[in-house]
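Q: Have a look; sequence and predicted model below, questions after that.
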Amino acid sequence: MSTLKPLIIDVVSDVVCPWCYIGKKRIEDALELVPDVPVEVNFRPFFLNPWVPREGISREQYLTTKFGSVEAYKGIAGRVVAAAEQEGLSYHPDRVARQPNTIDCHRLIRWAGEIGKAPEMKQRLMELYFRDGGDLTDVEVLVQAAADCGLDAQVVRKMLATDEDVALVSAQAQEAAEKGISGVPTYVFAQKYAVSGAQDPQMLARAIRQVSAEVNAEAAE
């Protein structure tokens with residue numbers, strides 16, 4: 001009996017993008033619909049707001065810069081909050097006081113990936129931000145999140161104080177932008193088919209099945 005080749009799915013997203021929060025849940029739901037298809041999911045960095053400085057800025061300043069005013073975001077936020085709720089996720093925009101630069105978050109996801117915990121790390125950071133209004137510019141918040149996902153707190157604290165993987169993560173985010181990815185989440189199947197937006201799990205499941213069949217047909221030739 002031949003074993004199927006796993007389908008590589010690269011999820012390009014950012015931890016402060018609410019549709020990426022929703023999109024992560026939807027790709028996970030899609031995978032549950034195709035339990036017979038072997039997949040390998042990789043989380044790839046993207047900077048939704050590359051202009052935000054490393055130390056972050058106030059949420060008020062961010063919303064004013066990006067949307068014109070805090071009030072202007074409220075209408076948009078309502079739709080996203082409702083969409084998150086439909087997926088069983090909590091988003092409380094009013095709790096977010098600080099807008100982070102996410103390079104350190106992406107470094108943590110990368111390091112967690114080395115022990116097979118990238119999905120857990122990404123989920124933890126997103127929950128801290130969207131559900132709890134956690135300050136992702138605070139080193140202690142990041143260190144605790146890493147510890148929650150099984151990483152060594154002391155090691156992570158030391159690594160965050162260095163520039164380890166800053167250039168690498170930045171280069172990966174830049175590569176995504178150069179490949180034309182401007183909206184996230186974007187799901188890249190087998191490094192050749194890209195689906196943009198937090199699509200419906202059924203649609204994603206069909207794409208997974210279709211591309212997996214194609215990849216395995218090519219491998220059998």
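A: Great, that's in hand. Given the structure is predicted, the values throughout are model-derived calculations rather than measurements.
Q: Give me the distance between the two termini of stretch 30-37.
A: 11 Å (Cα to Cα, to the nearest Å).
Q: So residue 84 sits against residue 78, correct?
A: No. Between residue 84 and residue 78 there is no contact under Cβ atoms under 8 Å: 10.9 Å. Where you see a C-beta, it was placed from the backbone N, CA and C, and this is true even at glycine.
Q: With neighbour numbers in mind, choose between those two.
A: residue 84 (21 against 11; other Cβ atoms under 10 Å).
Q: where's the more buried one relative to residue 147, distance?
A: Distance, residue 84 to residue 147, using Cβ to Cβ, to the nearest Å: 26 Å.
Q: low-scoring stretches of the chain, by residue?
A: 1-2 (pLDDT under 70).
Q: Spell out, range by range, the helices that occur in it.
A: With helices called from DSSP state H, the chain shows them at 18-33, 59-67, 70-86, 103-113, 118-126, 139-148, 153-160, 166-178, 201-220.
Q: outside of the second one, which residues touch it?
A: Contacts made with helix 59-67 from outside it, assessed by Cβ atoms under 8 Å, 6 or more residues apart in numbering, are listed as 49, 52, 69-70, 72-73, 76, 96-99.
Q: Top of the residues you listed by number of neighbours, please.
A: Neighbour-wise, these (other Cβ under 10 Å) top out at residue 99, 24 neighbours.
Q: Correct me if wrong: residue 188 contacts residue 9.
A: Yes. Counting by Cβ under 8 Å, residue 188 does reach residue 9; the two are 7.1 Å apart.
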